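Peer 1: here you go, sequence then predicted model.
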Amino acid sequence: MSEPDVRVDMLIVGAGPAGLFGAYYAGFRGMSVALMDSLPEPGGQISAMYPEKVIYDVAGFPAIRGRDLVKNLVEQADTFSPRYLLDEQAAELTHEHEDGGVAGTIVVTSTAGLRVAAKAVVITGGLGTFTPRPIPVGREYLGRGLVYFVPSLAIYEGKDVLIVGGGDSAFDWAVSLEGVARSITMVHRRDKFRAHEHTVAKVTASDTEILTFHEVREVHGDDEIERVVLENAKTGEVRELAVQGIVAALGFTADLGPLTRWGLTIDKRHIVVDTRMWTGVERIFAAGDITEYTGKVRLIATGFGEVATAVNNAAPVIDPAAKVFPGHSSDVA
């Protein structure tokens, strides 16, 4: 078989917050590292789904926008010049064995055929590959007023915006667009919401109009979206609304895809790990939202600690002379 395209000490699969911090920490431990991600830019779900949202539960930041957190993490990781392998979905995994049958190197091949050899792999793929749930009507306006993830709040300045959904994403976008959009209308097919109570109360008290038991029946516009037709599912009442943008926040489906063929223990779309973040497969660790263990809490803050644990426990696997705990960074000149 041909020589791998890339050789590193550690391959991190997933360039979201946990993966980016893992790249920094691997560099701090003296490892060469590459990050592979199916998305075209680092940041994972934050960059793809909520770059403009404010995040409140990251230690050291009372509040920080998603894109700013990603920018800081990339800057921190770049201290050790990791190699970014973007637009590359990890697919096949093979082991190169040393004398005695011990797995010495892992080779990960992307769906595009890029082959990466590493002495250890840390999977930080969040929810795996995620796909937004489509809006029932108006899908032909995708990119012409319809979005599933808001790339920039500025594009809605002075516009009338319709948000479809009743979960955290829908309400978070309503909060973010307040004061930016000319008007905000939310439609949800029920009168029960899946969002945090505090956010629901904040939106309810704002100028956003919330229409429960409503669904979008028609979307119209010559080139861009100009108006929608809404129907009250309980009364049958129909109303027309002038809008120039629709944010379809209906959730998404997640799929681990090829990772399910890596011999990992999977529990409800999550990878089971132990306290070392080890998956039970030689030289493969995992961290962040993709992992599962008793008492698991899926927060960005948790992922940071888990990936540091994974990298440190991978260190003696990569170099038997290395220790798990490297000491504190403040003690290093």
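Peer 2: Looks like it came in fine. Numbers count the residues shown, from 1 in each chain.
Peer 1: next, give phi and psi for the spatially most central residue of the chain.
Peer 2: In the chain, the residue lying closest to the centroid (CA atoms, centre = their mean) is Gln45, at 2.2 Å. Backbone dihedrals for Gln45, given as degrees, to the nearest 10, come out at phi -60, psi -30.
Peer 1: leaving out chain neighbours, which residue sits closest to it?
Peer 2: Once flanking residues are discounted, Gln45 sits nearest to Gly126: 5.4 Å by CB to CB, 6 or more residues apart in numbering. Heads up, the C-betas are built off the backbone N, CA and C, glycines and all.
Peer 1: what helix or strand does the closest residue to Leu146 other than its chain neighbours sit in?
Peer 2: Distances taken as CB to CB, 6+ apart place Ile246 nearest to Leu146, at 4.8 Å, with adjacent residues excluded. Applying DSSP states H and E as the criterion places Ile246 in strand 245-248.
Peer 1: check which helices and strands that strand sits against.
Peer 2: Applying 3 or more CB pairs under 8 Å, 6 or more residues apart in numbering; DSSP states H and E, one finds that strand 245-248 makes contact with strand 146-147, strand 160-164.
Peer 1: between these, which one is nearest to Val273?
Peer 2: strand 146-147 (34.7 Å; CB to CB).
Peer 1: list the helices and strands the closest one packs on?
Peer 2: strand 245-248.
Peer 1: for the strand it packs on, give me every contacting residue.
Peer 2: For strand 245-248, contacts defined as CB atoms under 8 Å, 6 or more residues apart in numbering pick out 132, 134-135, 138, 141, 145-148, 150, 155-156, 159-165, 170, 173, 181, 216, 219, 225, 228.
Peer 1: ok, now stretch 185-196?
Peer 2: Residues external to stretch 185-196 that are found in contact with it (CB under 8 Å, 6+ apart): 160-168, 170-172, 174, 200, 203, 208-216, 230, 233, 241, 243.
Peer 1: pLDDT on that stretch, on average?
Peer 2: Computed over stretch 185-196, the mean pLDDT rounds to 93.
Peer 1: next, the buried residues of the helix or strand containing Glu231.
Peer 2: In the assignment (DSSP H and E), Glu231 maps to strand 227-232. Buried residues in strand 227-232, counted by 16 or more other CB atoms under 10 Å: Val228, Leu230, Glu231.
Peer 1: out of the helices and strands packed on strand 245-248, the one nearest Gly327 is which?
Peer 2: Nearest of the helices and strands packed on strand 245-248 to Gly327, taken as CB to CB: strand 146-147 at 46.4 Å.
Peer 1: about what we covered before: buried among the contacts of stretch 185-196? Make that a ChimeraX selection.
Peer 2: In ChimeraX, a selection of the buried entries from these looks like this (16+ other CB under 10 Å):
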select :160,161,162,163,164,165,166,168,170,171,172,174,200,203,208,210,211,212,214,215,216,230,241,243
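Peer 1: before we move on, the earlier item: could you check the pLDDT of the residue nearest to the centre of the chain?
Peer 2: In this prediction Gln45 is given a pLDDT of 81.
Peer 1: follow-up on the earlier one: export the buried residues of strand 227-232 to CSV and append columns for pLDDT and distance to Lys53.
Peer 2: Compiled in CSV, the buried residues of strand 227-232 are given as follows (pLDDT from 0 to 100; distance: CB to CB, whole Å):
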residue, pLDDT, distance to Lys53
Val228, 97, 24
Leu230, 97, 26
Glu231, 96, 30
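Peer 1: using CSV, lay out those residues together with distance to Val13.
Peer 2: What follows is the buried residues of strand 227-232, written out as CSV (distance: CB to CB, whole Å):
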residue, distance to Val13
Val228, 40
Leu230, 42
Glu231, 44
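Peer 1: looking at these, which is nearest Asp5?
Peer 2: Distances from Asp5 to the buried residues of strand 227-232, taken as CB to CB, are shortest for Val228 (48.0 Å).
Peer 1: the closest one pairs with what?
Peer 2: Beta-bridge pairing of Val228 under DSSP bridges involves Val219, Leu241.
Peer 1: surely it meets Glu215?
Peer 2: No - the pair Val228 and Glu215 does not pass the contact test of CB atoms under 8 Å, sitting 10.4 Å apart.
Peer 1: contacting residues around Ala118?
Peer 2: Residues near Ala118 by CB under 8 Å, 6+ apart: Arg7, Val8, Asp9, Met10, Leu11, Ala34, Thr105, Ile106, Val107, Val108.
Peer 1: show me where the stretch 151-300 of the chain has its helices.
Peer 2: Assigned by DSSP state H, counting those that start in this stretch, the stretch 151-300 of the chain shows helices spanning 168-177, 197-204, 300-318.
Peer 1: tell me how the chain divides into domains.
Peer 2: As assigned by automatic domain parsing, the chain contains the domains 6-130+252-331, 134-248.
Peer 1: buried deepest among those domains, which one?
Peer 2: Stretch with highest mean neighbour count among these: domain 6-130+252-331 (a mean of 19; mean count of other CB atoms under 10 Å).
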